[in-house]
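Undergrad: Sequence plus the predicted model coming up.
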Amino acid sequence: MGKKLKYGGFSLLITAIFLAAIVLFNIFAGILTSRFYLKADLTAMKLFSLSSEAEEVLRNLREDIEVVVLTPTEDDLMTNILQQYNAAAGGRISFRYLDPNLNPNLSEEYPGISAFTEGDVIVKSGRRSKSFNMRAMITQTYDANMEVVQAFNADQELIYAIQYVLNEEVAHAVFIGGHEEAENAALRTMLERYGYECSDVNLVMEEIPEDTDLVIINAPTRDFNDFEIEKLDVYMGSGGNTIVGYDFQTTGLTAFDQYLAEWGVEVQNQLILDYTYNFNYPYFLGARVVGDANTPASMSLYGEQQVAVGLLYGRPIRSVWPTGEQGTRVFSPILTTFETSYAKDGGNQVAPDALEQAEGDVQGPFTVGASVRQSQYDDADNQFDSYMIVLNSGLIVNEILELSTQFNNYMVPAGLLTDLNPYSGGDVYIPAKPAVSAYLEVTPGQVTSVLVILVILVPLAIIIAGILTWRRRKNL
């Protein structure tokens, strides 16, 4: 009896120690998970892990950030993401959930945000607030009436919002209207992501505001009048920057074309084709980023990295100056096609059955995006530059910018917007993560190993453990 009591007390002690260890482990794990993110992402593309670019931004965070998610109940995915952000930022990011239906006075707590809807994510610093909807964290397309997830954009939305609320000042961009310009929602979204506040200006009735850092003229189809050209020229003369998207089908912009020629730029009425470097169609061709010391910094960087993009319906852009320079203005290509490309006269009048290369076609490569830098000096003899950027609008159409995981086109305006934002502080470019389904490939050797473990080793281990336990109890 004494021997049994001895072993019984020992078993009770072991059990108590084991239970205490479990309690202490859970307490310790709770402390760790409040500070560190201790979960594993097993997806092939690491969809739910921080990108290296996001980690760098968060690691260098020096101010506290509050994130408020407007949902009636907690969202597991959002919680996991924000826990990782807080861990990477060293505890500087706090987050909470609010039901927008039960908190009608959000506009008082977060001034500057005009509307609040369920699913919004509010990012706030001591300077300002910014919001986006959780739907923006996923890029979807529709195929046969089904939603197909193409990419996961959580880092894009959150990091760009964090950078925006931390910037000392906010840049302002103006979309010029009144000439039947093409609406480009993807480009406008990019501007907002990269720290710009956007507005629209009709030059017939309005002036370009003095605090404008960037003007966007996207695919105008009606000409400008002299009065509008003068306003644009005054803005550029004061050190402004302009990005022009020139449409493939546009002709007859006499005054506007003449103004571009003053900047050394001519968009030629030809159609560029390429049967070697293309995306299934010769008119959806490949192009590459180039750059030099006279272009915005990102173009030179991407040129060194040999970044390639897709161009839909391209037209050659050339310098009207023989040397590429006139006075303080310098013309530089920032995008060119490949040597296998060629151009046909007639632009949008080229017949669909006449796309093959023929005698008389002009051989490539061609400039399809150009930068003109104008160097100026203030009263203290300090140099400041302004840029006229002219792109084929087929590089920045909605459909291509939204498919950022399939094309690198997103990088071109992203780099330009960062370069031309005087308050960006070198904002990083964060690519979306492609939501690619990967299948597990199992080799015959792996199948054999699994079978040996499950069918032989595991049962054998159980039998041996049972025999040892039986013999021990028999000797009690």
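TA: Looks like it arrived, so ask away.
Undergrad: Surely Glu339 and Phe366 touch.
TA: No: counting by Cβ atoms under 8 Å, Phe366 is not a contact partner of Glu339; they are 10.1 Å apart. Placement of C-beta: from N, CA and C, glycine included.
Undergrad: Please say which of the two ends up with more neighbours.
TA: Neighbours per residue, other Cβ atoms under 10 Å: of Glu339 and Phe366, the larger number sits with Phe366, 26 against 12.
Undergrad: residues contacting the more buried one?
TA: The contact partners of Phe366, by Cβ atoms under 8 Å, 6 or more residues apart in numbering, come to 272, 314, 316-317, 336-337, 341, 343.
Undergrad: gap between it and Val290?
TA: 12 Å (Cβ to Cβ, to the nearest Å).
Undergrad: list the residues that contact both of the two?
TA: Here Phe366 and Val290 share the contacting residues Thr336, scored by Cβ under 8 Å, 6+ apart.
Undergrad: before we move on, back to that, any chance of the contacts of Phe366 in CSV with neighbour count as columns?
TA: Listed next are the contacts of Phe366 as CSV, based on neighbours: other Cβ atoms under 10 Å:
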residue, neighbour count
Ile272, 28
Gly314, 29
Pro316, 22
Ile317, 24
Thr336, 21
Thr337, 24
Ser341, 29
Ala343, 24
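Undergrad: just those now: which is nearest Leu106?
TA: Gly314 (46.1 Å; Cβ to Cβ).
Undergrad: so the closest residue to the closest one other than its chain neighbours is in which element?
TA: When the adjacent residues along the chain are set aside, Gly314 lies closest to Ile272, with 4.1 Å between them (Cβ to Cβ, 6 or more residues apart in numbering). When elements are defined using DSSP states H and E, Ile272 is found to belong to strand 270-273.
Undergrad: Give me the three-state assignment for Pro111.
TA: Using DSSP: H, G, I helix; E, B strand; the rest coil, the secondary structure recorded for Pro111 is coil.
Undergrad: Show me what the residue lying closest to it once chain neighbours are set aside bridges to in the sheet.
TA: For Pro111, the nearest residue in space outside its immediate sequence neighbours is Ser129; the separation is 7.2 Å by Cβ to Cβ, 6+ apart. The residues paired with Ser129 through beta bridges, assigned by DSSP bridges, are Lys124.
Undergrad: Around Ser129, how many other residues sit close by?
TA: Under the criterion other Cβ under 10 Å, the count of neighbours that Ser129 has is 19.
Undergrad: Then Val204?
TA: For Val204, using other Cβ under 10 Å, the count is 13.
Undergrad: what about the helices in the stretch 201-350 of the chain?
TA: 226-237, 254-262, 297-304 (DSSP state H, counting those that start in this stretch).
Undergrad: Please identify the deepest-packed of these.
TA: Each of those was scored by mean neighbour count; the highest is helix 297-304, a mean of 19, by mean count of other Cβ atoms under 10 Å.
Undergrad: Give me the residues contacting it.
TA: Contact with helix 297-304 is made by 288-293, 334, 371, 411-412, 414-416, 418-419, as judged by Cβ under 8 Å, 6+ apart.
Undergrad: packing partners for the helix or strand hosting Val121?
TA: Secondary-structure assignment from DSSP H and E places Val121 in strand 120-124. Contacting strand 120-124 under the criterion 3 or more Cβ pairs under 8 Å, 6 or more residues apart in numbering; DSSP states H and E are the following elements: strand 65-70, strand 129-133, helix 154-166.
Undergrad: Now do the following helix or strand past the last one against helix 154-166, angle only.
TA: Once helix 154-166 ends, the next helix or strand along the chain (criterion: DSSP H and E) is strand 171-177. Per axes from the mean of the first three to the mean of the last three Cα atoms, to 10 degrees, the angle that strand 171-177 makes with helix 154-166 is 110 degrees.
Undergrad: Which of the residues in whichever helix or strand comes after strand 171-177 are classified as buried?
TA: In the C-terminal direction, the helix or strand that comes right after strand 171-177 (DSSP H and E) is helix 185-193. By neighbour count, and taking 16 or more other Cβ atoms under 10 Å as the criterion, the buried residues in helix 185-193 are 186-193.
Undergrad: what's the answer for stretch 266-278, then?
TA: So, applying 16+ other Cβ under 10 Å, buried residues of stretch 266-278: 266-274, 277-278.
Undergrad: pull the CA atoms of that stretch into PDB?
TA: Output for stretch 266-278, consisting of C-alpha atoms alone and laid out as PDB, is shown next (Å, rounded to 0.1, in the frame of the first residue of the first chain):
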ATOM      1  CA  GLU A 266       6.000  65.700 -80.900                       C
ATOM      2  CA  VAL A 267       3.600  62.800 -80.800                       C
ATOM      3  CA  GLN A 268       3.600  61.200 -84.200                       C
ATOM      4  CA  ASN A 269       0.500  59.900 -86.000                       C
ATOM      5  CA  GLN A 270       1.800  56.400 -86.400                       C
ATOM      6  CA  LEU A 271       0.800  53.000 -84.900                       C
ATOM      7  CA  ILE A 272       3.600  51.000 -83.300                       C
ATOM      8  CA  LEU A 273       3.500  47.200 -83.700                       C
ATOM      9  CA  ASP A 274       5.700  44.300 -82.600                       C
ATOM     10  CA  TYR A 275       5.200  40.600 -83.400                       C
ATOM     11  CA  THR A 276       8.100  39.500 -81.200                       C
ATOM     12  CA  TYR A 277       7.800  41.400 -77.900                       C
ATOM     13  CA  ASN A 278       4.100  41.600 -77.200                       C
END
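Undergrad: number of nearby residues for the closest residue in space to Ser125 that isn't next to it in sequence?
TA: In space, and not counting its chain neighbours, Ser125 is closest to Val165: 4.0 Å by Cβ to Cβ, 6+ apart. Per other Cβ under 10 Å, the neighbour tally for Val165 reads 22.
Undergrad: give me every residue that touches Val165.
TA: Shown in contact with Val165 (Cβ under 8 Å, 6+ apart): 65, 123-125, 127-130.
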